[in-house]
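In: Quick one, what's the 3D model for this:
(2 chains)
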Amino acid sequence: MILAGNSLYRNIYGFFVGLLPDGLSWLGLVITGLILAFVFVNALMIFVAGVVYLERRVLGRFQSRLGPNRVGPFGALQPIADLLKMVFKEDVVPAAADKLVFAAAPIVMVVPALAMMAVIPYGKNTFVTDLNVGILFAIAITSVSSLGIFMAGWGSANRFATLGAMRGVAMLVSYEVPMLLSLVGVLLLGGTLSLVGVVDAQRIPFILLQPLGFLVFLIAATAEMNRAPFDIVEADSEIVAGYHTEYSGVKWGVFQLAEYGAMIVSAAVLVTVFLSGWQNPFVPQGWPQVLPSQLWFLLKVGLVLFLLIWVRATIPRLRIDQIMGFAWKILFPLALLNLVVTAVEVQLVPNPNTWQLWVLVAINLAVAVGAVVGFGAAFGRRRTNPTASVTLVSLQAEVVR
Amino acid sequence: MLDDYFRQYALLLILLGVATAMPIGLLLASRVAQTFGLRPYRPSPVKQETYECGVETVGGQWRHFNFRYYRYALLFLVFDVETVFIYPWAVHFKQLGLFALVEMFVFLGILALGWAYAWRKRALEWG
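Out: Model prediction:
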């Protein structure tokens, strides 16, 4: 009985089965599914509105300006104003566009983000489904968004859009590999692919046991959601707006929904896999809890989202050759290293007791710091800046003269 | 009646359906708003031109694209398929024991060799 642990499902299903006549319990399943799906899909949309507002305000703070502050108290109704504007704005479709692909691209982009809501555990016994391949499902469905990007680029029949789409697919595909490999360490430790099970498997958050894996996953996930500093897909200083150059009105709005929705669900997966999900980080399980587990989950997701906004405000956009080189030359070997170290550790200490666990934490932290410092020393060499040396030479020439 | 395992997937399927219906509904609602005149629709040949910073687009969208995109696709294919083997191994690692560990290290070694070869052949360079 897997579903017995799902209190959301159990309660709603129990309610409807009590109402329905015998033999119609499958209808109870369908109704329960529809209610859960409706609630969670809409919850993500509302969260997107919140995060868009939050990002604009926080970015404003980072850049010493106010951000939106006109609509509602502190500008909090700005996302709703934006939504109304987008729905009632003219939807311009270029004459050269492939109409069907043009219209389908935003939908293909947004469905993966919404579908991910199914497998994430939001709290103790609070989830829609507990797939036994949850992590695999989450990764598989996020990569569908690269198809959406390419459809947008193709359908627009615009060179900027096509260029953005080509770049986007190349980047997404490259960061897929380190992302997949960085999760293998978690699988080795947890021994499960279920996102619900991986929370239970975390006696201490896996970020401590997998610092390197966490780092690789965080960077790869940032790239997968096309966020700064990896936003070459829509680099406005280079290719106008990338794949959504030709989009306007409600279709553009759906693209924004997809982008921020993917950001939120990726943060949720990150929290579930590495930050012990809905567990209280200070009070161990089984002890009396003050705050509900759902609140802890939201707090952690909020923290990760803030980190992502912070990164966006701090790090400038990378060049495409730097991005591709980083994925294949640095993240890929780091992920492999993490895999090998973790596999050896799990082989040596399959069921660590508490002090063994902390020894492993120390070893893994040392490996992570060593690897990052080592790779930094190997690749981070400061190249001699040609213009600077030319200036120096000419300055010396001036001095001699 | 279906057992729990299939019910999980039934719930997922229902959520997928709702997740697909929502954005389509949003687009359709906006389209319906257009028929009622709530949303403007004034197409003109100039407005529907392909955008290119104010100049007319000459030729189609498909120019020559660099070969390197294909190279990255190949690399992705090689290294992504490998995870098909790594994932089941990782999940059941504790039951499989030392033999599987050695086997996997041999596999990863071959993989790393291929990766080093690709680097040596400058397949990882952009440009």
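In: measure stretch A:118-136 end to end?
Out: The first and final residues of stretch A:118-136 sit 13 Å from each other (C-alpha to C-alpha, to the nearest Å).
In: does that stretch come close to chain B?
Out: Yes. On the criterion C-beta under 8 Å from any C-beta of the partner chain, stretch A:118-136 is in touch with chain B at A:118-119, A:128-131, A:136. No exception for glycine: its C-beta is placed from N, CA and C like everyone else's.
In: Now neighbour count, pLDDT and secondary structure too, for the residues you listed, in JSON lines please.
Out: Below are the residues of stretch A:118-136 next to chain B laid out as JSON lines (neighbours: other C-beta atoms under 10 Å in any protein chain shown; pLDDT from 0 to 100; DSSP: H, G, I helix; E, B strand; the rest coil):
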{"residue": "A:Ala118", "neighbour count": "30", "pLDDT": "85", "secondary structure": "helix"}
{"residue": "A:Val119", "neighbour count": "28", "pLDDT": "86", "secondary structure": "coil"}
{"residue": "A:Val128", "neighbour count": "26", "pLDDT": "80", "secondary structure": "coil"}
{"residue": "A:Thr129", "neighbour count": "26", "pLDDT": "82", "secondary structure": "coil"}
{"residue": "A:Asp130", "neighbour count": "22", "pLDDT": "81", "secondary structure": "coil"}
{"residue": "A:Leu131", "neighbour count": "23", "pLDDT": "81", "secondary structure": "coil"}
{"residue": "A:Leu136", "neighbour count": "19", "pLDDT": "88", "secondary structure": "helix"}
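In: Out of those residues, which two sit at the greatest distance?
Out: Across these, the two members that end up farthest from each other (C-beta to C-beta) are A:Val128 and A:Leu136, 16.7 Å apart.
In: pLDDT below threshold where in the chain?
Out: Going with chain A. Filtered on pLDDT under 70, chain A yields the residue ranges A:1-5, A:236, A:285-286, A:380-401.
In: you looked at the wrong chain, it should be chain B
Out: Along chain B, the parts satisfying pLDDT under 70 run over B:1-2, B:59-61, B:127.
In: which helices and strands sit right next to the top helix by length along it?
Out: Of all the segments of type helix in chain B, defined by DSSP state H, the longest one is helix B:4-35. In terms of contacts (3 or more C-beta pairs under 8 Å, 6 or more residues apart in numbering or on different chains; DSSP states H and E), helix B:4-35 is packed against helix A:25-62, helix A:78-87, helix A:99-115, helix A:249-274.
In: In contact with the residue positioned nearest the centre of chain A, which residues?
Out: Among the residues of chain A, the smallest C-alpha distance to the mean C-alpha position (C-alpha atoms, centre = their mean) belongs to A:Ser266, namely 2.6 Å. Counting by C-beta atoms under 8 Å, 6 or more residues apart in numbering or on different chains, A:Ser266 touches A:142, A:221, A:224-225.
In: returning to what we had before: how far does the longest helix of chain B sit from its chain's centre?
Out: Distance of helix B:4-35 from the chain centroid (C-alpha atoms, centre = their mean, to the nearest Å) equals 20 Å.
In: try stretch B:84-94
Out: Averaging C-alpha coordinates over stretch B:84-94 and over its chain gives two centres that are 23 Å apart (C-alpha atoms, centre = their mean).
In: Please give the number of neighbouring residues around A:Leu298.
Out: A:Leu298 sits with 17 neighbouring residues when counted by other C-beta atoms under 10 Å in any protein chain shown.
In: Now do it against A:Met116, distance only.
Out: 16 Å (C-beta to C-beta, to the nearest Å).
In: And for A:Glu90?
Out: 32 Å.
In: Pick out whichever of those two has more residues nearby.
Out: Between A:Glu90 and A:Met116, counted using other C-beta under 10 Å, the more crowded position is A:Met116 (27 against 13).
In: The more buried one and A:Thr142 touch, don't they?
Out: Yes. Because the distance of 7.1 Å satisfies C-beta atoms under 8 Å, A:Met116 is recorded as touching A:Thr142.
In: The stretch 301-401 of chain A: helices as residue ranges?
Out: With DSSP state H, counting those that start in this stretch as the definition, the stretch 301-401 of chain A shows helices at residue ranges A:320-325, A:332-348, A:354-379, A:386-400.
In: Quick one, which of those helices gets closest to A:Leu270.
Out: Nearest to A:Leu270 among these is helix A:332-348; the distance by C-beta to C-beta comes to 15.2 Å.
In: got a list of contacts for that closest one?
Out: For helix A:332-348, the external contacting residues (C-beta under 8 Å, 6+ apart) are A:177-178, A:181-182, A:184-185, A:188-189, A:209-210, A:212-213, A:215-216, A:360, A:363-364, A:367-368, A:371-372, A:375, B:79, B:86, B:93-94, B:98, B:101, B:104-105, B:108, B:111-112, B:115.
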